[in-house]
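Colleague: sequence unknown, structure follows:
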């Protein structure tokens, strides 16, 4: 999943002269394609941008025609085929709508942009903000654009609910900044370049940490054995806090397997290309929090009754028992808090990402004495 959710206003696209090939937008496209950024655009911004690009194309046609006339008036010795140029400019103007559609469509595709609909925004909330003169409405007389901004920002805010991620919104409009200040989880950077520079710096820091992790904790290193021993000790000490809920089927129907005993035998890291697979969750000051997939191996043993349901009396009748004695494997992950020191990384804390597991034992046969 992408690390950064980002949205931009039409004003940002306009301030970059609708040039999606410039340095800033190329960086945005690259980060989106590499799945560091999840770009969100309100449907209002998309529609508005198309209108602005169309208008820009039409204005370019007028400017081009005037420029040719000016060149002719100053450079009498230059032969200019007016008819041919006029034909090309006219063809450009006729294709204006198509070109505007294509330009924005290419940008949306290259950035893997997700369009957020504004139709779900409650008009009542927009009006409440308007009458209370709260952002994005200014304290002065409300402008038409502020209603548009309200629908954009509220739809983006609602989209982010439950995602446990910050949303970075970029606009040249100060009301977006004020809205961000009043809404937790929404951040308004100074401009798009500043935001992208920050993201690139964080990515670089994460790559350095990942390289350090791989160097310190590759399978053959002494550090790897240390972290493995520490995690193994942690799991054994916390075994009683791990809950496994069993279920099974038999010829007598679905079984609720409640009295099965189990204990941890061993665990192994999930490995990819002989390296441990780490996922950096957070980097803060000198601390790094990572998650790491592991395979837990439990030995389970016990006896469970196999029931026959007596419909007449409405009770379960125990017809047989099934003995269970086997090893099961559970895929899980651990969260490790590490401290970054000059010599490397030291373990500060370990925890399980999940303590509750559901295991289906499959089909259970009665013990052999049932058939005697």
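Modeller: Nice, thanks for sending it over. If you're wondering where the values come from, they're calculated on a predicted model, not measured in any experiment.

Colleague: what stretches of this structure score poorly on pLDDT?
Modeller: Along the chain, segments meeting pLDDT under 70 span 1-2, 71-94, 139-144, 214-221, 223-224, 252-256, 259, 269-276, 341-344, 372.

Colleague: Show me what the longest strand along it is packed up against.
Modeller: Using DSSP state E, we find that the single longest strand of the chain is strand 315-341. Helices and strands touching strand 315-341, as assessed by 3 or more Cβ pairs under 8 Å, 6 or more residues apart in numbering; DSSP states H and E, comprise helix 222-237, strand 243-250, strand 287-310, strand 344-352, strand 356-364. For glycine as for every other residue, the C-beta is placed from the backbone atoms N, C-alpha and C.

Colleague: Output those as a markdown table; include the columns distance to residue 122.
Modeller: A markdown table is the format used below for the helices and strands packed on strand 315-341 (distance: least, Cβ to Cβ, whole Å):
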| stretch | distance to residue 122 |
| --- | --- |
| helix 222-237 | 48 |
| strand 243-250 | 41 |
| strand 287-310 | 37 |
| strand 344-352 | 40 |
| strand 356-364 | 37 |
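
Colleague: looking at these, which is closest to residue 110?
Modeller: In terms of Cβ to Cβ, the element of those nearest to residue 110 is strand 287-310, at 30.9 Å.

Colleague: Go through that closest one and flag the buried ones.
Modeller: By neighbour count with 16 or more other Cβ atoms under 10 Å, strand 287-310 contains the buried residues 288-294, 296, 298, 300, 304-307.

Colleague: Name the nearest of the residues you listed relative to residue 331.
Modeller: residue 293 (6.8 Å).

Colleague: surely that closest one meets residue 277?
Modeller: Yes. Under the criterion of Cβ atoms under 8 Å, residue 293 makes contact with residue 277 at 5.8 Å.

Colleague: which residue packs closest to residue 160, ignoring adjacent ones?
Modeller: The shortest distance from residue 160 to any non-neighbouring residue, by Cβ to Cβ, 6 or more residues apart in numbering, is to residue 167 (4.9 Å).

Colleague: buried ones in the lengthiest helix in the chain?
Modeller: When the chain is parsed with DSSP state H, its longest helix is helix 43-74. Residues 44-46, 48-50, 52-54, 56-57, 61, 64 are the ones in helix 43-74 that count as buried (16+ other Cβ under 10 Å).

Colleague: What is that helix packed up against?
Modeller: On a contact count with 3+ Cβ pairs under 8 Å, 6+ apart, helix 43-74 meets helix 10-15, helix 82-94, helix 96-110, strand 114-116, helix 144-160.

Colleague: The same query, at a cut-off of 10 Å, please.
Modeller: For helix 43-74, the packing partners by 3 or more Cβ pairs under 10 Å, 6 or more residues apart in numbering; DSSP states H and E come out as strand 4-8, helix 10-15, helix 82-94, helix 96-110, strand 114-116, helix 144-160.

Colleague: ok so, going back, distance between the longest strand of the chain and the chain's centre?
Modeller: In terms of Cα atoms, centre = their mean, to the nearest Å, the centre of strand 315-341 is found 30 Å from the chain centre.

Colleague: quick one: strands adjacent to it?
Modeller: With DSSP bridges as the test, strand 315-341 is paired with strand 287-310 (antiparallel), strand 344-352 (antiparallel).

Colleague: Now do the shortest one: everything it contacts.
Modeller: Same thing as strand 344-352. 209, 212-213, 215-217, 221, 223, 226-227, 230-231, 233-235, 238, 241-242, 286-292, 294, 296, 332-340 (Cβ atoms under 10 Å, 6 or more residues apart in numbering).
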